[in-house]
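Novice: I would like the atomic coordinates for the input below:
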Amino acid sequence: LDQNLTGYSFRIAECRNVRTGEHFAMKIMKNKFYSQNLREAKILTQLKNLNLHESNIVNFSECFSYKDRTCFVYEKLEKTLSELIFAANGTPFHLSEIRGIAYQTLVALNSLNNSGFTHANIKPENIMCTDGISQDSGVKLIGFSNSAKTSDLCDLEIPVACGYTAPEVLLDGPLDESLDIWSLGCTLAFLFLGQHMSPVDCEYQFMRFIVNQGSVYISTTVHNDLTSLDDLFKQNQNEPMDYLDTEAFIDLLKNMLKVNPADRIKPADALNHPFITMSHLRFTPSKLYKTLSQKIMADCNYTKQQNVNTSLSTPTSDREITPGLHFSRIGAFRSKSA
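Specialist: This next block holds a predicted model:
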């Protein structure tokens, strides 16, 4: 039905089962990358032992060989996060939407870590919406070609994705699952800004972004008015009720973007961070803002409402809020099983 060239080593085709009418995605790879394909197939097969739907990981159905190609069959998903930003001409995501995406991706990373795996290629292109049109869309993690057992990471050559790769990869340092947290932090910042937080086409500029006297900063070659994560407050001054949420979001980013991997927040701890639990929203003056945030998280199958009044029956007379573009364009990022 459709075929898109997405890289030098593989294509993605949308296919249909002629007997059932079911649509699915097929990744078609050249056999000259056999060893990499075999490793990916083994990992995907082992991940099938997880509840992939609840873990927010793409469902892998089967793999087979055809002539000089290896084919992987997956559930059909919709748009990647980068495609959504591009389609919206760089319009940033609303903080409430970012929270839902962060929560679902952290659940995926926590499941991987508990199983002894590291994704090693987290970026906007590898997080996809389950349905980019309906109001019940969730997100799932894809792109496991660089994934490995965490204990085997140091034996692998991990491709560099400027703007998203953790510094220890660039510096040939010891590697563990914390490199995924760094990459997710960069991805969440991308959603907040509507563009890459750091240069993505120059390793030198990317390294300058990573380390500046021991602290993370934002390259002025990309953002003339932003020099640090704290300056992200400047991006959200039109909605005063977002201040506490922005503060919590930036604190989460700071904990994810620690240069020292040992200092980075773990997925399980990040799931209990105030930005995710929304414990700070009890101080938010806007009842509607709190209600919208809680509703999105509830639809993401989030159940731990820590220190937050979870009632969704708050009157919506608090009309000072204008939901972001993404609320009306694709709806909140919601789990289909909700």
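
Novice: what comes into contact with stretch 144-152?
Specialist: 36, 39-40, 43-44, 47, 112-113, 116-121, 156, 158-159, 176-177 (C-beta atoms under 8 Å, 6 or more residues apart in numbering). In short, each C-beta sits where N, CA and C put it, glycine included.

Novice: one more time with 6 Å
Specialist: Residues from elsewhere that reach stretch 144-152 (C-beta atoms under 6 Å, 6 or more residues apart in numbering): 40, 43-44, 116, 118-121, 156, 158, 176-177.

Novice: from those, which single one is nearest Asn17?
Specialist: Leu44 (19.6 Å; C-beta to C-beta).

Novice: what about the closest one, which helix or strand?
Specialist: Element membership of Leu44 [criterion: DSSP states H and E] is helix 34-47.

Novice: List phi and psi for the residue nearest to Leu179 when sequence neighbours are not counted.
Specialist: In this structure, Leu179 finds its nearest non-sequential neighbour in Ala166, 3.8 Å apart by C-beta to C-beta, 6 or more residues apart in numbering. Phi and psi for Ala166, reported as degrees, to the nearest 10, are phi -70, psi 150.

Novice: Number of residues surrounding Ala166?
Specialist: 27 (other C-beta atoms under 10 Å).

Novice: in a strand, that's where Phe275 is, yeah?
Specialist: No. Using DSSP: H, G, I helix; E, B strand; the rest coil, the secondary structure at Phe275 is helix, not a strand.

Novice: Glu203: neighbour count?
Specialist: 12.

Novice: Which pLDDT value belongs to it?
Specialist: Note for Glu203: predicted pLDDT of 73.

Novice: cool, the one 3 residues further on as well?
Specialist: The predicted structure scores Phe206 at 71 on the pLDDT scale.

Novice: quick one: secondary structure of Ser65?
Specialist: strand.

Novice: Dump whatever helix or strand Glu168 lives in to CSV, keeping only the CA atoms.
Specialist: Element membership of Glu168, judged by DSSP H and E, is helix 167-170. Taking C-alpha atoms only, helix 167-170 is exported to CSV below (Å, rounded to 0.1, in the frame of the first residue of the first chain):
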residue,chain,number,x,y,z
PRO,A,167,28.0,12.3,26.3
GLU,A,168,29.5,9.0,27.5
VAL,A,169,28.8,7.5,24.1
LEU,A,170,30.7,10.3,22.3
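
Novice: Now do that helix, average pLDDT.
Specialist: 90.

Novice: same check, this time on stretch 40-58
Specialist: On average, stretch 40-58 scores 86.

Novice: Repeat that for stretch 296-307.
Specialist: Rounded mean pLDDT across stretch 296-307 is 68.

Novice: what do you get for stretch 109-128?
Specialist: 96.

Novice: Span of it from start to end?
Specialist: 15 Å (C-alpha to C-alpha, to the nearest Å).

Novice: Residues contacting that stretch, please?
Specialist: Contacts for stretch 109-128 (C-beta under 6 Å, 6+ apart): 50, 55, 77, 80-82, 139-140, 142-143, 146-147, 149-150, 153, 158, 161, 164, 177, 180, 183-184, 187, 190, 267-268.

Novice: Specify which residues of this protein, grouped into ranges, have pLDDT under the cut-off.
Specialist: 1-8, 132-137, 199-201, 209-228, 230-241, 284-285, 303-338 (pLDDT under 70).

Novice: longest single helix anywhere in it?
Specialist: Counting by DSSP state H, the longest helix found in the chain is helix 95-114.

Novice: Can you mark which positions in that one are buried?
Specialist: 95-113 (16 or more other C-beta atoms under 10 Å).
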